[in-house]
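K.L.:
Quick one, fold the following:
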Amino acid sequence: MADANNGQGDGQEAKKFDIGKILLPLFAVLNLAVVGGGAFLVYSATLGHKPQVLREPAALESLKKERSSEPVVSEKVMYTMPPFTVNLAGQPRRLIRVEMTFEMLDKEGFEEIVRNSPRARDEIMRILNRKTFDDVETIQGKLFLKDQIAVTLNQSFKSGVVKDIYFNEFLVQ
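P.N.:
As a prediction, the model looks like this:
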């Protein structure tokens, strides 16, 4: 009787073991196929990509015309404001000395900032008076200050637009 139970138990274990022997190689082959397919797609999209060659003279001429008709970049219009010194907010009292160059969008904006230079300086001084040392100490603080000055000046100008601001001198004591 013990022999009969042993015979049935070995048959069930053999069936389970056979399924495991079949599934493991099947999953390994499936995994290799998926990884290989993904690697092929990546290779063909990046390293294996070959640009299309233009063999038609008309297409080549149209490409040359398109590249030659790119807009000509206009000369930058810059205005350098004389340096000025302003008190910063907070304790201990600190001074900031700033010299800025404004990149204007066009000559009309340059003329407007030259005409309204005292008003622009006053608005910049108001902005700087509200800042503390901690506000202007970091690079992010300086970039935020540039943006704040540009937005304020652009709101006060009628037709001129400040495209960018460059700090030529930025000293905090």
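K.L.:
element containing Tyr166, please.
P.N.:
Per DSSP states H and E: Tyr166 is located in strand 162-172.
K.L.:
what's next to that strand, contact-wise?
P.N.:
Strand 162-172 is contacted from outside by 80, 83, 88, 94-105, 109, 113, 133, 136-137, 142, 146, 149-150, 153-154, using CB atoms under 8 Å, 6 or more residues apart in numbering. (Each C-beta comes from the backbone N, C-alpha and C, glycine too.)
K.L.:
can you rerun that using 7 Å?
P.N.:
Contact with strand 162-172 is made by 80, 83, 94, 96-105, 133, 136, 142, 146, 149-150, 153-154, as judged by CB atoms under 7 Å, 6 or more residues apart in numbering.
K.L.:
Just the buried ones from the residues you listed, in ChimeraX syntax?
P.N.:
Per 16 or more other CB atoms under 10 Å, the buried members of the contacts of strand 162-172 correspond to this ChimeraX selection:
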select :94,96,98,100,102,103,104,105,133,136,146,149,150,153
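K.L.:
quick one: which of the contacts of strand 162-172 sit in strands?
P.N.:
Assigned to strands by DSSP state E, the following of those qualify: Thr80, Ile96, Arg97, Val98, Glu99, Met100, Thr101, Phe102, Glu103, Met104.
K.L.:
What is the nearest of those residues to Leu128?
P.N.:
Ile96 (5.9 Å; CB to CB).
K.L.:
if I look at that closest one, how far off is Met125?
P.N.:
10 Å (CB to CB, to the nearest Å).
K.L.:
Next, show the common contact partners of these two.
P.N.:
By CB under 7 Å, 6+ apart, Ile96 and Met125 have these common neighbours: Val86.
K.L.:
Can you tell me the closest non-neighbouring residue to Ile113?
P.N.:
Tyr79 (5.3 Å; CB to CB, 6 or more residues apart in numbering).
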